[in-house]
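Peer 1: let me see the structure of the following:
(chains A and B)
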Amino acid sequence: MSHQRPRMWATIIHGIEDPSPALKQSATAVAVLVAAVLTIVVPGIAPTNATFAIAGLSIVAIATVLAGIISRVDRLAGYVLLVPVIDLIGIGAFRAGTGGGASAFSALILLPVVWIAVSNGRRYIAIAGAGAAIALTIPNLLSLSLPTASLDYVRGLFSTVLFTVAAAIVNQVALQSRVALGKLNRLAEDKEVMLQRTVEYAAQLQESEAKYRSADRLFRGLWAAVTEQAVIGTDATGLIDAWNPGATKILGPSQDEAEDKMHIFEFHLTEELEARARELNYPPGETVLNPGFSALVELARLGKADVREWTWLRVDGTPVPVEVSVTRRVDEGGRTVGYLFVASDVTKQREVARLKDEFVGLISHELRTPLSSILGYLELMRDDEQHPLSAEHLQYLSVAERNANRLLRLVGDLLFTAQVESGRFPLDSRETALAAIVLASIESGRPMADAAGVELVSHVPAGELLVHGDPVRLGQAIDNLISNAIKFTPRGGIVTVALEAESAQAVISVSDTGMGIPASDMDQLFSRFFRATTATRNAVPGVGLGLTITKAIVTAHEGEMSVESEEGVGTRFSMRLPLVTLSAAAAVS
Amino acid sequence: MTFTVVVADDDQDIRALVGIASERAGLRVVASVGDGASALAAIRSEQPDLAILDVTMPELTGLEVCRQVRADGVNEDLRILLLSASVDDASKQVGFDAGADHFLAKPFSPRQLVAWLAVGKEPR
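Peer 2: Numbers count the residues shown, from 1 in each chain, chains lettered A, B, ... in the order given. Prediction:
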């Protein structure tokens, strides 16, 4: 819209500078027509020679038609000066018909002369002068007589000079106005270009403003949407400068109450900050602005990830357990200018974890107590010397005892799994000789192997392989592997238990000639309560905790578990444990 | 003089089982109670040689009974055996810290308890 205005200005200026030939001609045509009407209407100036007068009018009419054609046909534009020249001939003829040299209409000559004279170039002064001379002399030429009276010469010469001078003045004025117009034109063009640029710039500005507004809306929306996590920004000294609705929900103060007024460490327990400072080996009594805050942001300041649990104090003094992630804020130069704290209230998670622990403890206690009675009284029965049991009854008793023990193991495994999950994994680690543990596990597996008709082969070397670990837990892990191998091996099969050293690791492997594990089950093998399809298909008893526990024990000893298996051929489980280094072992011996 | 024992467990069957084991070992059960407060009262009034206390009991836990008896300082010769369904070393240590002399994890073998008591009743 607005950017079309400059073009319109240029069009108007251009139009003034160069009106169409038809428009220029119209002035001459109208003037000649008025003159013709006057010769008819006014009695004193009737045509002296009607033929010449009409011929003159006709010639002007032809010039007018020509002007009309040139106006419409662009390629004839170069011939435009023919029009005033023909006009002058016509006017000359008209004068010849209306009194010759004494015609009252000499002034008509002025219009075509001016037309010619405004053209750009001094030569048009001469052309205009020549044209005026022709128009002035035509009456004499047509009467085929030389002017007799000196008046005629004077008139002819003087008028020609006059018209030429007028042409010169017009030519000069036209030149000046053309120069001025040219300047104006260039200015208008410059203005147009500048306006165009301004318009484009404004459009760009509008676009980027729209982008900014949309990003701003998104940011504000996000900021307001985070109602369950506290997002708090501080400067480098801990003074809060950003505070979201989640922060209000968790801690209490509104945005206005917190921003630029409170420090992040005001919400922290001093003891926790001090403990953290000690953990980071801050020299006691160090004279920094606020050692607690320094400890709080220590890792973030170094650009490291820092997520840990803290206790925050609400404004009313209530403690809230939170998990806080601290990151630093940097300026364009990469310098730390402040910190961002994103915190989640973990009250519920802690409550759930506590309830789970309580529940597991309770279940474990509630199941162990009746099992204690069952096993205890079964043993009393077996040991009752006054009423000895028959062989058959003793057999029944064994079945009951075996199943009660099975239940007891299951309870133990469940409790242990829960401890592993909650990260409370009691390990009583010490320097431990593996050979003894492996041999003990083989011996405790022997009755089961005999009952299953499976041969149990031992490859345990005499040398001592020492690891740092909990002998009871390690024994439990090896027991699990051996009893698994026996369970999954058909009668007549072989289970081989081997212990060897491989570089800095002890490798305990249990291989069987059993039914194997399908490849599709491999990646879930160590998941809790997972049972291989071959196990369920062959009705091998178990609940799917053994391998989970074994792996947890091995992992807790910084070891690795691996398994290779081929269905129908056999399976080999290996556990690798880091050996106590030779120098350490030598120091012990 | 018979070696006397106070048995405390909130589970009646376990209490009876411990009682039977004690008698088989030749001990005399002077009180068999189901909560910590009664256990504390019985120990204070009966002055037994041995107290067999379950850890998890109503009113007062076995650990609290332990601490109070040791705080009394009256019966210095009293030996305390704690019974617990918790098996880890940490809870064992808590028991010893409370003043217990022995720790027995549930489930226990009555046969072994009888053997242990029979040896333990001999004068030290």
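Peer 1: from now on I want contacts and neighbour counts done on CA atoms only, so please keep to that.
Peer 2: Fine.
Peer 1: could you export stretch A:233-241 as CSV, CA atoms only?
Peer 2: Provided in CSV are the C-alpha atoms of stretch A:233-241 (Å, rounded to 0.1, in the frame of the first residue of the first chain):
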residue,chain,number,x,y,z
GLY,A,233,17.8,-19.1,39.4
THR,A,234,20.4,-17.2,41.4
ASP,A,235,23.3,-14.9,40.7
ALA,A,236,26.9,-16.0,41.5
THR,A,237,26.4,-15.1,45.2
GLY,A,238,23.2,-17.2,45.6
LEU,A,239,20.8,-14.2,45.5
ILE,A,240,17.6,-15.5,43.9
ASP,A,241,16.6,-13.8,40.6
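Peer 1: outside of that stretch, which residues touch it?
Peer 2: Taking contacts as CA atoms under 8 Å, 6 or more residues apart in numbering or on different chains, the residues outside stretch A:233-241 that touch it are A:232, A:242-243, A:258-265, A:293, A:336-341.
Peer 1: distance from the chain centre to it, please.
Peer 2: 27 Å (CA atoms, centre = their mean, to the nearest Å).
Peer 1: equivalent analysis for stretch A:26-41, please.
Peer 2: Chain-centre distance of stretch A:26-41: 80 Å, with CA atoms, centre = their mean.
Peer 1: please list the outside residues in contact with that stretch.
Peer 2: The contact list for stretch A:26-41 (CA under 8 Å, 6+ apart) reads A:45-47, A:57, A:60-61, A:64, A:87, A:91, A:98, A:105, A:108, A:111-112.
Peer 1: highest neighbour count among those?
Peer 2: Ranked by neighbour count (other CA atoms under 10 Å in any protein chain shown), the contacts of stretch A:26-41 have A:Ile91 at the top, with 34 neighbours.
Peer 1: what about the closest residue to A:Glu228 other than its chain neighbours, which helix or strand?
Peer 2: Spatial nearest neighbour of A:Glu228, excluding adjacent residues (CA to CA, 6 or more residues apart in numbering or on different chains): A:Gly246 at 5.1 Å. For A:Gly246, the host element (DSSP states H and E) is helix A:245-251.
Peer 1: now A:Leu577
Peer 2: Taking DSSP H and E as the definition, A:Leu577 sits inside strand A:570-578.
Peer 1: A:Ala462 too?
Peer 2: Following DSSP H and E, there is no helix or strand that holds A:Ala462.
Peer 1: count of neighbours near it?
Peer 2: With other CA under 10 Å as criterion, A:Ala462 counts 8.
Peer 1: ok, the spatially most central residue of chain B - contacts?
Peer 2: With distances taken as CA atoms, centre = their mean, B:Ile52 lies nearest the centre of chain B, 1.1 Å away. B:Ile52 makes contact with B:5-8, B:80-83, according to CA under 8 Å, 6+ apart.
Peer 1: just the helices in chain B please.
Peer 2: B:12-24, B:36-46, B:62-72, B:89-98, B:110-120 (DSSP state H).
Peer 1: would a markdown table of these with mean neighbour count, mean pLDDT and distance to A:Asn120 be doable?
Peer 2: Formatted as a markdown table, those follow (neighbours: other CA atoms under 10 Å in any protein chain shown; pLDDT from 0 to 100; distance: least, CA to CA, whole Å):
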| stretch | mean neighbour count | mean pLDDT | distance to A:Asn120 |
| --- | --- | --- | --- |
| helix B:12-24 | 20 | 92 | 131 |
| helix B:36-46 | 19 | 91 | 128 |
| helix B:62-72 | 19 | 89 | 123 |
| helix B:89-98 | 16 | 80 | 115 |
| helix B:110-120 | 16 | 86 | 135 |
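Peer 1: please report phi then psi for whichever residue of chain B sits closest to chain A.
Peer 2: Proximity to chain A, evaluated over chain B using CA to the nearest CA, is greatest for B:Pro107 at 4.1 Å. B:Pro107 adopts backbone torsions of phi -80, psi 150, taken as degrees, to the nearest 10.
Peer 1: with adjacent residues omitted, what lies nearest to it?
Peer 2: Per CA to CA, 6+ apart, closest to B:Pro107 is A:Ser372, 4.1 Å.
Peer 1: is it true that the one you found touches B:Leu104?
Peer 2: No. Contact criterion CA atoms under 8 Å: A:Ser372 and B:Leu104 do not qualify, at 11.8 Å.
Peer 1: the two: which has the busier surroundings?
Peer 2: When neighbours are counted by other CA under 10 Å, A:Ser372 and B:Leu104 differ, and A:Ser372 comes out ahead with 24 against 19.
Peer 1: in the strand or helix carrying that one, what counts as buried?
Peer 2: Per DSSP H and E, A:Ser372 falls inside helix A:347-383. Going by neighbour count (16 or more other CA atoms under 10 Å in any protein chain shown), the buried part of helix A:347-383 is A:357, A:360-361, A:364-365, A:367-380, A:382.
Peer 1: so which bits of chain B are right by chain A?
Peer 2: Within chain B, the positions adjacent to chain A are B:11, B:13-14, B:17, B:85-86, B:88-89, B:106-111 by CA under 8 Å from any CA of the partner chain.
Peer 1: among the residues you listed, which pair sits farthest apart?
Peer 2: Comparing every pair within the residues of chain B next to chain A by CA to CA identifies B:Asp13 and B:Asp89 as the most remote, at 26.2 Å.
Peer 1: skipping adjacent residues, who's closest to A:Val113 in space?
Peer 2: Spatial nearest neighbour of A:Val113, excluding adjacent residues (CA to CA, 6+ apart): A:Ala128 at 5.0 Å.
Peer 1: please report how far that neighbour lies from chain B.
Peer 2: Between A:Ala128 and chain B the computed distance is 127 Å (CA to the nearest CA, to the nearest Å).
Peer 1: host element of the closest residue to A:Arg576 other than its chain neighbours?
Peer 2: Nearest non-adjacent residue to A:Arg576, counting by CA to CA, 6+ apart: A:Val507, 4.6 Å away. Per DSSP H and E: A:Val507 is located in strand A:505-512.
Peer 1: in the following helix or strand past that strand, what counts as buried?
Peer 2: Helices and strands here follow DSSP H and E; after strand A:505-512, the next one along the chain is helix A:533-537. Within helix A:533-537, the residues scored as buried using 16+ other CA under 10 Å are A:534-535.
Peer 1: what sits up against the next helix or strand after helix A:533-537?
Peer 2: Where DSSP H and E defines the elements, the next helix or strand beyond helix A:533-537 is helix A:546-556. With contacts defined as CA under 8 Å, 6+ apart, helix A:546-556 is touched by A:413, A:416-417, A:420, A:473-474, A:476-478, A:480-481, A:525-528, A:560-561, A:575-577.
Peer 1: so A:Pro311, which state does it fall into?
Peer 2: Residue A:311: Thr, not Pro. strand (DSSP: H, G, I helix; E, B strand; the rest coil).
Peer 1: which SSE is the closest residue to it other than its chain neighbours in?
Peer 2: Nearest in space to A:Thr311, with sequence neighbours left out and distances taken as CA to CA, 6+ apart, is A:Pro321 at 4.6 Å. Assigned by DSSP H and E, A:Pro321 belongs to strand A:319-330.
Peer 1: ok now that strand, how far from the chain's centre?
Peer 2: For strand A:319-330, the distance to the chain centre is 25 Å (CA atoms, centre = their mean).
Peer 1: wait, A:Gly100 sits on A:Thr137?
Peer 2: No. The pair A:Gly100 / A:Thr137 is not scored as a contact, 9.0 Å apart, by CA under 8 Å.
Peer 1: around A:Ile482, how many other residues sit close by?
Peer 2: For A:Ile482, the count of nearby residues is 28 (other CA under 10 Å).
Peer 1: now intersect the contacts of stretch A:233-241 with the helices, please.
Peer 2: Using DSSP H, these in helices are A:258, A:293.
Peer 1: from the contacts of stretch A:233-241, keep the buried residues only.
Peer 2: Those of the contacts of stretch A:233-241 that meet the buried threshold are A:232, A:242-243, A:258-259, A:262-265, A:293, A:336, A:338-341, by 16+ other CA under 10 Å.
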